[in-house]
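K.L.:
What follows is a predicted protein model with its sequence.
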Amino acid sequence: AQSVTQLDSHVSVSEGTPVLLRCNYSSSYSPSLFWYVQHPNKGLQLLLKYTSAATLVKGINGFEAEFKKSETSFHLTKPSAHMSDAAEYFCVVSNTGGFKTIFGAGTRLFVKA
Amino acid sequence: EPEVTQTPSHQVTQMGQEVILRCVPISNHLYFYWYRQILGQKVEFLVSFYNNEISEKSEIFDDQFSVERPDGSNFTLKIRSTKLEDSAMYFCASSEPTGARNYGYTFGSGTRLTVV
């Protein structure tokens, strides 16, 4: 069985400070893991993905995530937040076939000026 | 950059009516999906579709739902007799020929369905 837990429903940071959005997963298989971002009234955009290659994955807009098997975590980070980063972020785990994915509940990121 | 296109962006329908949500996936993608997000809740998997048949579906995807690829470019979700609780944002997605596991999904911008 698969599950994904986003540990924070809301995160608030000041512009220019680091961002950390936390995600833990469980999976019976070697998982693929993704982060998606959803801006208000927009669709879901793929930020980055882990598919069993490098454990540190770089994505768009300066985001990166590190796959830690021992901790079953896939936390999303960015060194310096920008106002345009304010959005909802979803951690997603996919099973072997990729037919079905499980979304986390989402973390809303607020960025203060 | 290739996009998944969904129409309409917003649909209002009366309870008990049939609705069809339309999607045009990316042209070389072979896997297609529907997800929904009830306001304030998680994004939930509904169904995946490959090679002209359903490959997996969730418990939500009951007999009132159906999917079709009628003409090789469109991918539709039909809700036969809508209920108030079907009100949600419905997302279509497609993925590369080798599957979403390696490449992730490309999502459309969604159709907001409001059942009154």
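P.N.:
Yep, it's here.

K.L.:
okay, which residue is most central for chain A?
P.N.:
What sits nearest the mean C-alpha location of chain A, by Cα atoms, centre = their mean, is residue A:35, with 3.5 Å.

K.L.:
Give me the neighbour count for residue A:36.
P.N.:
25 (other Cβ atoms under 10 Å in any protein chain shown). All C-beta spots, glycine's among them, are computed from the backbone N, C-alpha and C.

K.L.:
Surely it and residue A:90 touch.
P.N.:
Yes. Using Cβ atoms under 8 Å, residue A:36 is in contact with residue A:90, at 4.6 Å.

K.L.:
Can you work out which residues contact both of these two?
P.N.:
Common contacts of residue A:36 and residue A:90 (Cβ atoms under 8 Å, 6 or more residues apart in numbering or on different chains): residue A:44.

K.L.:
could you pull out the helices for chain A?
P.N.:
Assigned by DSSP state H, chain A shows no helices.

K.L.:
Could you do chain B as well?
P.N.:
Under DSSP H, chain B gives helices at B:100-103.

K.L.:
Please identify the residues of it in proximity to chain A?
P.N.:
B:4, B:31, B:35, B:42-45, B:48, B:50, B:55-56, B:58, B:91, B:93, B:95, B:99-110 (Cβ under 8 Å from any Cβ of the partner chain).

K.L.:
What subset of the residues you listed is buried?
P.N.:
Burial by neighbour count, judged by 16 or more other Cβ atoms under 10 Å in any protein chain shown, picks out B:4, B:31, B:35, B:42-45, B:48, B:50, B:55-56, B:58, B:91, B:93, B:95, B:99-101, B:103-110 from these.

K.L.:
picking up where we left off before, which residue, other than its chain neighbours, is closest to the residue nearest to the centre of chain A?
P.N.:
residue A:47 (4.3 Å; Cβ to Cβ, 6 or more residues apart in numbering or on different chains).

K.L.:
Distance check, the one you found against residue A:83.
P.N.:
17 Å (Cβ to Cβ, to the nearest Å).

K.L.:
same question, residue A:103
P.N.:
On the measure of Cβ to Cβ, residue A:103 and residue A:83 end up 25 Å apart.

K.L.:
Just want the most central residue of chain B.
P.N.:
Judging by Cα atoms, centre = their mean, chain B has its centre closest to residue B:34, at 3.0 Å.

K.L.:
Once you drop chain neighbours, what's closest to that residue?
P.N.:
That would be residue B:46: by Cβ to Cβ, 6+ apart, it lies 4.3 Å from residue B:34.

K.L.:
Could you verify my assumption that the one you found touches residue B:62?
P.N.:
No. At 10.2 Å, residue B:46 does not count as touching residue B:62 under the criterion of Cβ under 8 Å.

K.L.:
more neighbours, these two?
P.N.:
Neighbours of residue B:46 and residue B:62, each counted by other Cβ under 10 Å, are more numerous for residue B:46; the result is 21 against 9.

K.L.:
The closest residue to residue B:43 other than its chain neighbours bridge partners, please.
P.N.:
Nearest residue to residue B:43 in three dimensions, chain neighbours excluded: residue A:103, at 4.1 Å (Cβ to Cβ, 6+ apart). Beta-bridge pairing of residue A:103 under DSSP bridges involves residue A:92.

K.L.:
just residue B:31 next, same as before
P.N.:
residue B:50, residue B:95.

K.L.:
Same check on residue A:45?
P.N.:
residue A:37.
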